[in-house]
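S.K.: show me the folded form of this:
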Amino acid sequence: MTERSFEGYPNGAYHQSCDEAVSILQGAHGTASYLAEVFDYLEMHAEAADDAQQAEFAAQNEELLRAMLIFAGSGLDAMIKQLVQDALADVINLRNGAQERFRRFVEKRLKRGDGPDYSFVAGVIADPDPRLRLVGDLVDDLTSRSLQSVDEILSVGSYFDIPSPDLIPEPEVTRNVFSVRNQIIHEMDIDFTDSNKSRRSRRYADMAAHTQELFNVASRFLTAVDAQLNGGSITTE
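M.R.: Numbering: from 1, shown residues only. Here you go, the predicted structure:
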């Protein structure tokens with residue numbers, strides 16, 4: 001296996017504002033693929049082992065599969081946040097849909113309860129570059145979240161004017177991937193419905209498919225932002 005063993009490895013031409021996001025996604029691909037290589041190595045050696053050793057290899061391999069999915073999710077999270085930091089301001093300048101989404105964020109941010117937030121309004125007015133200040137507030141808001149759910153990713157995608165069906169065509173499939181990820185992260189993959197509280201069994205085919213799904217989302221997000229940045233003037237959809 002190689003670092004390109006999962007589809008969606010970023011290469012080719014990308015806008016310079018995507019450079020760091022590309023590096024993050026490449027790193028996530030490399031780590032996930034390395035873990036898959038180690039899985040293959042242990043599987044090969046397990047064939048010649050006795051029963052006790054095979055059980056140990058199997059347990060070790062399931063940990064590798066869990067780690068593979070976690071790294072893919074972390075890479076997706078970090079890549080999107082990097083795009084928010086490096087590319088969102090430019091996309092807002094280029095896309096009517098992104099401008100409208102930004103306008104609604106500003107409108108909401110300027111309010112406190114039923115009235116205006118005078119302290120915030122004063123701070124914006126007094127700032128040498130009010131628009132830059134407001135874009136910075138949006139960037140801080142979006143990057144403060146954990147992007148480990150379908151709803152959060154689609155929400156951030158909307159600020160880039162990326163249609164939800166283009167970003168995540170099969171939401172329930174992706175939701176299931178994040179459900180598995182959450183079981184591993186938040187529950188140590190323990191099946192609490194089991195009287196022995198044993199850990200859930202994880203198969204390579206399933207975990208590889210889950211990992212690939214997260215890389216598919218990452219690839220679509222990166223490609224969409226790159227296309228917008230290379231698209232030139234404001235577009236009306």
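S.K.: list of residues touching stretch 192-204?
M.R.: For stretch 192-204, the surrounding residues in contact (Cβ atoms under 8 Å, 6 or more residues apart in numbering) are 39, 61-62, 65-66, 183, 188-191. Any C-beta I mention is one placed from the backbone N, CA and C, and that applies to glycine too.
S.K.: try it again with 6 Å
M.R.: The contact list for stretch 192-204, computed with Cβ atoms under 6 Å, 6 or more residues apart in numbering, reads 62, 65, 189-191.
S.K.: buried set for it?
M.R.: Across stretch 192-204, burial judged by 16 or more other Cβ atoms under 10 Å covers 199, 202, 204.
S.K.: try stretch 78-93
M.R.: Result for stretch 78-93 [16+ other Cβ under 10 Å]: buried residues 78-89, 91-92.
S.K.: chain center to it, what's the gap?
M.R.: Mean-position distance between stretch 78-93 and its chain equals 13 Å (Cα atoms, centre = their mean, to the nearest Å).
S.K.: just the buried members of the contacts of stretch 192-204?
M.R.: Buried members of the contacts of stretch 192-204, scored by 16+ other Cβ under 10 Å, are 62, 65, 189.
S.K.: closest one of the residues you listed to residue 173?
M.R.: Using Cβ to Cβ, residue 65 is the member of the buried ones among the contacts of stretch 192-204 that lies nearest residue 173, at 18.1 Å.
S.K.: what residues are up against the closest one?
M.R.: 202, 207.
S.K.: secondary structure class for it?
M.R.: With DSSP: H, G, I helix; E, B strand; the rest coil as the basis, residue 65 sits in helix.
S.K.: where does it land on pLDDT?
M.R.: At residue 65, the pLDDT value in this model is 96.
S.K.: also residue 48?
M.R.: pLDDT at residue 48 comes out at 71.
S.K.: returning to that earlier point: wait, which of the buried residues of stretch 192-204 is closest to residue 231?
M.R.: Out of these, the member with the shortest distance to residue 231 (by Cβ to Cβ) is residue 204, at 39.8 Å.
S.K.: what's the helix or strand for the residue nearest to residue 164 when sequence neighbours are not counted?
M.R.: Distance criterion Cβ to Cβ, 6 or more residues apart in numbering; nearest residue to residue 164, sequence neighbours excluded, is residue 154 at 4.9 Å. If you go by DSSP states H and E, residue 154 is part of helix 150-159.
S.K.: tell me what that helix is packed against?
M.R.: Judged by 3 or more Cβ pairs under 6 Å, 6 or more residues apart in numbering; DSSP states H and E, the packing partners of helix 150-159 are helix 171-187.
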